[in-house]
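# Could you look at this predicted model? Sequence included:
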Amino acid sequence: MDPIEAFIARWTAAEQAERTNAPPFLIELCDLLGVERPEPASGGGGPYRFERSVTHREADERQTTRRIDLYRRDRFILEAKQGANAPPQRELFTPAAEASRRQAIRNSPGWAQHMLRAKGQAEGYVRDLPADESAPPFLIVCDVGFCFDIYADFSGTGRHYAQFPDREGFRVYLADLRREDIRERLVAIWQEPHALDPARKRTEVTRDIAEYLARLARALEARHPPEAVAFFLMRCLFCIFAQSVGLLPERTSFTDLLTRCRGTPEKFVGLVGELWRQMNTGGLAHQCRSRREPKQAELRLTQLV
């Protein structure tokens, strides 16, 4: 059987036993992802281990020892839980069903609150870390054999953990491990979490675009005056901006124009020239009004181009 399918089948069928199941489940997950397993225990500390101990200070200065289910320094804190599947209707009044009802039934409102409390517990561990250990960028709340809720805070403060990558995609179900992009995301959390920082990605994209525009400008300047090239590129960039914020009508897409000209570049000058003439004279304003765009936006478009 395929390793991914075998993992999903094995753990989907696992009985509810959080403390017993969590370590082997996470070890097998590491093997499936091809990342390092947690290290053997060595005292209470350690950069990557199960049951990492931290000292919690109460308001009255008392100290207690708490344990993180799985900790990897500078990468993540994982809090493991294990919810219960709803029993079949015919088994609602069996002793096993009664025991299940005492736990949060998966995907129920009570289970959702249970998962949120686990997130709060993990955030508390962040505050309990020693001063020389920074807040990890990721928190993971794991319902063993069911799902992973992923939260991120790339600020280094540990105070603003939010659903990652967004509120629709932060919960990864076991079946989602069939997707390569999901497995790659988990591998990055284990190995290079800051590579997932959206700000870092934006910086990289901005740098790549700047380098590309510089190469394009140099190529055009070999045949045209630098001032004309700069003005041309400025207009192209403004068209892309105007399209992205809705200042251009939907049927007047600048990127669509470029796509249409890819196979027939001789049409580009005429098409883009007509577009720019309409933008300069306000010829597109009636189309914007039909989409109920603000008149202020129409004026800004015709003035800036």
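Ah, there it is. Keep in mind it's a predicted model, so treat the numbers as computed, not measured.
# ok, and the closest non-adjacent residue to residue 213?
Nearest residue to residue 213 in three dimensions, chain neighbours excluded: residue 233, at 6.5 Å (C-beta to C-beta, 6 or more residues apart in numbering). Heads up, the C-betas are built off the backbone N, CA and C, glycines and all.
# Low-confidence regions, the stretch 201-305 of the chain specifically.
250-252, 282-305 (pLDDT under 70).
# Mind jotting down where the helices sit in it?
Secondary structure of the stretch 201-305 of the chain (DSSP state H, counting those that start in this stretch): helices at 226-244, 254-260, 268-281, 285-290, 295-304.
# closest to residue 195 out of those?
helix 226-244 (25.6 Å; C-beta to C-beta).
# helices and strands around the closest one, which ones?
For helix 226-244, the packing partners by 3 or more C-beta pairs under 8 Å, 6 or more residues apart in numbering; DSSP states H and E come out as helix 198-221, helix 254-260, helix 268-281.
# From the chain's centroid, how far away is the second one?
Distance of helix 254-260 from the chain centroid (C-alpha atoms, centre = their mean, to the nearest Å) equals 30 Å.
# Quick check: buried residues in that helix?
For helix 254-260, a neighbour-count test (16 or more other C-beta atoms under 10 Å) marks 254, 257, 258 as buried.
# The last one and residue 117, how far apart?
By that I understand residue 258. 51 Å (C-beta to C-beta, to the nearest Å).
# before we move on, the earlier item: near the residue nearest to residue 213, how many other residues are there?
Residue 233 has 14 neighbours, counted by other C-beta atoms under 10 Å.
# Residue 218 is in contact with that one, correct?
No. Counting by C-beta atoms under 8 Å, residue 218 is not a contact partner of residue 233; they are 11.5 Å apart.
# Residues that sit against both of those two, list them.
Shared contacts of residue 233 and residue 218 (C-beta atoms under 8 Å, 6 or more residues apart in numbering): none.
# which phi and psi does residue 49 have?
The phi/psi pair for residue 49 (degrees, to the nearest 10) reads phi -160, psi 160.
# now do residue 175
Torsion angles, degrees, to the nearest 10, at residue 175: phi -60, psi -20.
# and what of residue 141?
phi -110, psi 120.
# Could you tell me the per-residue confidence at it?
On pLDDT, residue 141 comes in at 98.
# List the contacts of it.
78, 79, 81, 115, 118, 119, 122, 148, 149, 151.
# mind checking the SS state of the fourth one?
Pointing back at residue 115 there. helix (DSSP: H, G, I helix; E, B strand; the rest coil).
# Does it touch residue 148 like I think?
No. The criterion here is C-beta under 8 Å, and residue 115 misses it with residue 148 at 10.3 Å.
# what separates the residue nearest to residue 213 from residue 214, distance-wise?
10 Å.
# Repeat that for residue 31.
For residue 31 relative to residue 214 (C-beta to C-beta), the value is 45 Å.
# So for these two, which sits in the more crowded spot?
Using other C-beta under 10 Å as the criterion, residue 31 and residue 214 rank with residue 31 on top: 13 against 10.
# would the more buried one count as being in a strand?
No. Residue 31: not assigned to a strand; according to three-state DSSP it is helix.
# Name all residues that make contact with it.
Applying C-beta under 8 Å, 6+ apart, we find residue 31 in contact with residue 37.
# Distance-wise, check it relative to residue 281.
With C-beta to C-beta as the criterion, residue 31 and residue 281 are 65 Å apart.
# same check, this time on residue 79
61 Å.
# swap in residue 86?
65 Å.
# In terms of neighbours, single out the busier of the two.
A direct count of neighbours by other C-beta under 10 Å for residue 86 and residue 281 places residue 86 higher, at 14 against 10.
# Phi and psi next, for the nearest residue to the more buried one once chain neighbours are set aside.
In space, and not counting its chain neighbours, residue 86 is closest to residue 105: 5.0 Å by C-beta to C-beta, 6+ apart. Torsion angles at residue 105 (phi, psi; degrees, to the nearest 10) stand at phi -70, psi 130.
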